[in-house]
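# Here is my input, please return the structure:
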Amino acid sequence: MGFDPTIKRVPRSQLSDDAAFDITLEDPATGRSAIYRTTRIIADYGAEALRGRGTRVWAVYDTKDTLKRPRVLKDVWVNDDRQREDQVLSDIRDGLSGDPEREHLAAHFLTKEMDADVLVDSQHDNTYHLIRGGHKLAVQEYIWAVEPPPKPIRSATLSTTSTGNIPTPQETPPKAEDLLDHQRQHYRVIFTEVGIALADLTNFEDIFTAISGAIHGGYSLRFKQNG
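Got it, this is the predicted structure:
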């Protein structure tokens, strides 16, 4: 989404492998600041869409960590009025705590190391307040009604250079009002677990273990909803 001073490319003189980036996280609530260096891209297909959360996921490590323990950094533009992922995970864990029969289900969810809304010059990196300067767009001013293009002929495989498990493209275009109502906030979260995408698994035992874990995680969400 344009200029981002919190991401800096690492000079090639400091690298032995592919290109890397230093990504800064600052949490005003705790006063903590950290710089994470990328080692590889895990998924970036979400950043290709014209409309969406622009999600990118990297394998990273804290530049102050001498052991360079692997972490996962998720960079995403969330709806401004939605709970952050950290809060959702915290609510799930709180709902499972105190019950010996359900506490073990918390192991099926990721562990957060750090998270924060992205700040640019001490301001929240937000599509409404920062990028548009608080100016609200009007549908009649900026969006015109046009005839939809003919449905494209899709090949058997998607042509893309993105990494990750790429979903089927959405066929139904969004309404213009929906595009303008949902303002986005730039958000990053660090997880301590570094996993492997299900699509990249080749061993059936690992595949079924992963599916079983997802089912158990969904089962715990059902408990949370039923209170």
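
# And the average pLDDT for stretch 86-102 is what?
Stretch 86-102 shows a mean pLDDT of 77.

# got the buried residues for it?
Under the neighbour-count criterion of 16 or more other Cβ atoms under 10 Å, stretch 86-102 has D86, L89, I92, R93, G95, L96 buried. (Glycine included, C-beta is placed from N, CA and C.)

# closest to Y36 among those residues?
D86 (15.9 Å; Cβ to Cβ).

# all strands for this structure, in order.
Assigned by DSSP state E, the strands in the chain fall at 7-9, 21-27, 32-43, 56-62, 71-79, 112-117, 119-120, 123-124, 184-191.

# re the thing from before, from the buried residues of stretch 86-102, pick the one nearest A47.
D86 (21.2 Å).

# wait, what's in contact with the closest one?
D86 makes contact with K112, D115, V189 under the criterion Cβ atoms under 8 Å, 6 or more residues apart in numbering.

# ok, now how distant is the nearest residue to the second one once chain neighbours are set aside from F204?
Once its chain neighbours are removed from consideration, D115 has its nearest residue in V189; the separation is 3.9 Å (Cβ to Cβ, 6 or more residues apart in numbering). Taking Cβ to Cβ, to the nearest Å as the criterion, V189 is separated from F204 by 31 Å.

# Also A20?
Computed as Cβ to Cβ, the A20 to F204 distance reads 34 Å.

# In space, what's closest to E193 - neighbours in sequence excluded?
Distances taken as Cβ to Cβ, 6+ apart put L110 closest to E193, at 5.6 Å, once the chain neighbours are dropped.

# list the contacts for the one you found?
V72, L89, F191, T192, E193.

# Lowest-scoring secondary structure element of this structure by mean pLDDT?
Taking mean pLDDT, DSSP states H and E as the measure, the chain has helix 139-142 as its least confident helix or strand, at a mean of 52.

# one step back: distance of the residue nearest to E193 from D18?
Taken as Cβ to Cβ, the span from L110 to D18 is 25 Å.

# ditto for A59
12 Å.

# Now do the shared contacts for these two.
Both A59 and D18 are in contact with R40, where contact means Cβ under 8 Å, 6+ apart.

# what's the closest non-adjacent residue to P5?
In space, P5 comes closest to V120 once its chain neighbours are excluded; the distance is 6.3 Å by Cβ to Cβ, 6+ apart.

# is it true that the one you found touches T24?
No. Contact status for V120 versus T24: not in contact, 10.6 Å apart, counting by Cβ atoms under 8 Å.

# which neighbours do those two share?
T6.

# thinking again about what came up before, deepest-packed of the strands of the chain, please.
Ranked by mean neighbour count, the strands of the chain are led by strand 184-191 with a mean of 22 (mean count of other Cβ atoms under 10 Å).

# pLDDT (mean, whole number) over it?
91.

# and what of stretch 212-227?
Here the average pLDDT along stretch 212-227 is 70.

# same thing with stretch 49-69?
Computed over stretch 49-69, the average pLDDT equals 87.

# start to end distance for that stretch?
Stretch 49-69 has an end-to-end distance of 32 Å (criterion: Cα to Cα, to the nearest Å).

# Give me the contacts around it.
1, 21-23, 34-44, 46-47, 70-78, 164, 174, 179, 184, 190, 194.

# hang on, the earlier thing: quick one, which of the strands of the chain is nearest to I215?
strand 184-191 (20.5 Å).
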